[in-house]
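K.L.:
I'd like to go over a predicted model; first the sequence, then the structure.
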Amino acid sequence: MEKEVLIFGHKNPDTDSICSSLVHEGLNKKVGWNAKAVRLGNVNKETQFVLDYLKIEAPELIEKVEEGQEVILVDHNEFSQSVEGIEKAKIRMVTDHHKIANFETSEPLYFTAKPYGCTATILYEEFKEFNFEIDKKDAILMASAIISDTLLLKSPTTTRFDKKALEELGEIAGIDVNEYGLEMLKAGTDLDDFSAEQLINIDSKVFEKEGTKFEIAQVNTVSIEDILKREVELKAVIQKTIEEKGLSLFVFAITDILNSNSEIIALGEKTGVIKVAFGKDLENDKAFLEGVVSRKKQLLPDIDKNI
Ligand code: MG
Ligand code: MG
Ligand code: MG
């Protein structure tokens, strides 16, 4: 039998990474590929809400892949965000909605990248293209991913394609998208039992540019103040992470999902980038960025350009 292809999203998986991997598994089976969804880290509380809602299990956790393992990457392409061993894996396919960076293969592959708000929106269009019917479970999985990545269509990453997909998926799923979505997003903001170290790792990504590495972590909340009660502790673990990983900058964005703003904590030798990128002086290593909710569109580009 043909070897199983592994499908996974990025490290510190979010709802899109998990849900799109699961949907992708189904799509692959429909076209006759033997593929299995796996994950590269813990399931966060928001994603757990979705899995519980559907009464399904999370994909199996993997830590690395062997040389020659065939893989499908969803919701990421940068090797710094992927599985250990990715350099020697055989990448058969990528389905993603991020910038392309530090990516190389030795063989041809299927590569679908669209500048949408969510990977699941690309998958939704693939169902349409292949004329496959979308069942209720896949509709919930894709709708949840879109709600998560676009913060219920409020993030500036949202495109008309995401809106259209979510509208139809909500209908198929038979859910009130706003009601379900808010409940799901709020489930992800229940952070009291997390250590400071866990908090900065819930949704964190490392980027590389010309040999310099920087990390942008993000956490969703309904009260920035609440998270900032642990400022001292958070700064200590950020500082430790900078030293351990050799980062030039660490930005921790605390995002208020109800009012669509973020407070950032920035540490590292390159914090000067914040002033250049956002026109804000750091006060006590912090800055309030009004209207900023998206790492991909509002934080990363200006940091990446100026670092
Ligand atoms: Mg993601
Ligand atoms: Mg995504
Ligand atoms: Mg995200």
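P.N.:
Structure's in. What do you need? Ligands and ions are numbered 1, 2, ... in the order given.

K.L.:
is it true that Gln48 lies in a helix?
P.N.:
Yes - under DSSP: H, G, I helix; E, B strand; the rest coil, Gln48 falls within a helix.

K.L.:
distance of it from ligand 1?
P.N.:
Separation of Gln48 from ligand 1 (CB to the ion, to the nearest Å): 16 Å. (Glycine included, C-beta is placed from N, CA and C.)

K.L.:
wait, that residue sits on Ser144?
P.N.:
No - counting by CB atoms under 8 Å, Gln48 does not reach Ser144; the two are 11.2 Å apart.

K.L.:
those two - which one has more neighbours?
P.N.:
Ser144 (31 against 16; other CB atoms under 10 Å).

K.L.:
now the more buried one, nearest residue through space, not along the chain?
P.N.:
Leaving aside its sequence neighbours, Ser144 sits nearest to Val50 (CB to CB, 6 or more residues apart in numbering; 4.4 Å).

K.L.:
same check, this time on Leu289
P.N.:
Per CB to CB, 6+ apart, closest to Leu289 is Ser262, 5.0 Å.

K.L.:
next one: Glu25
P.N.:
Ala37 (4.2 Å).

K.L.:
strands along the protein, start to end?
P.N.:
5-8, 35-39, 60-61, 70-74, 90-96, 110-113, 204-209, 212-221, 249-256, 261-267, 286-289 (DSSP state E).

K.L.:
okay, now the closest residue to ligand 1 within the stretch 201-307 of the chain: neighbour count?
P.N.:
Of all residues in the stretch 201-307 of the chain, Asp203 sits closest to ligand 1, at 7.8 Å by CB to the ion. With neighbours defined by other CB under 10 Å, the count for Asp203 comes to 23.

K.L.:
quick one, phi psi at it?
P.N.:
phi -140, psi 80 (degrees, to the nearest 10).

K.L.:
wait, it touches Asp14, no?
P.N.:
Yes - counting by CB under 8 Å, Asp14 is a contact partner of Asp203 at 5.7 Å.

K.L.:
shared neighbours of the two, anything?
P.N.:
Here Asp203 and Asp14 share the contacting residues Asn44, scored by CB atoms under 8 Å, 6 or more residues apart in numbering.

K.L.:
if we can go back for a sec, report the separation between the residue of the stretch 201-307 of the chain closest to ligand 1 and ligand 2.
P.N.:
11 Å.

K.L.:
residues in contact with that residue?
P.N.:
12, 14, 44, 217-220.

K.L.:
report the beta-bridge partner residues of the nearest residue to it once chain neighbours are set aside.
P.N.:
Sequence neighbours aside, Gln218 is the residue nearest to Asp203 in space, at 4.9 Å (criterion: CB to CB, 6+ apart). Beta-bridge partners for Gln218, by DSSP bridges, are Ala253.

K.L.:
and Gln218, how many residues sit next to it?
P.N.:
Neighbour tally, Gln218, other CB under 10 Å: 21.

K.L.:
also Val222?
P.N.:
Residues lying near Val222 (other CB under 10 Å) number 13.

K.L.:
and for the one 10 residues further on?
P.N.:
Close neighbours of Val232, defined as other CB under 10 Å, add up to 9.

K.L.:
same thing with the one 4 residues further on?
P.N.:
Here the number of neighbours of Ala236 (other CB under 10 Å) works out to 14.

K.L.:
list the contacts of the residue nearest to Leu289.
P.N.:
Here Ser262 is in contact with 218, 224, 253-256, 288-289, 292-293, 299 (criterion: CB under 8 Å, 6+ apart).

K.L.:
repeat for Phe103
P.N.:
Contacts of Phe103 (CB under 8 Å, 6+ apart): 77-79, 94.
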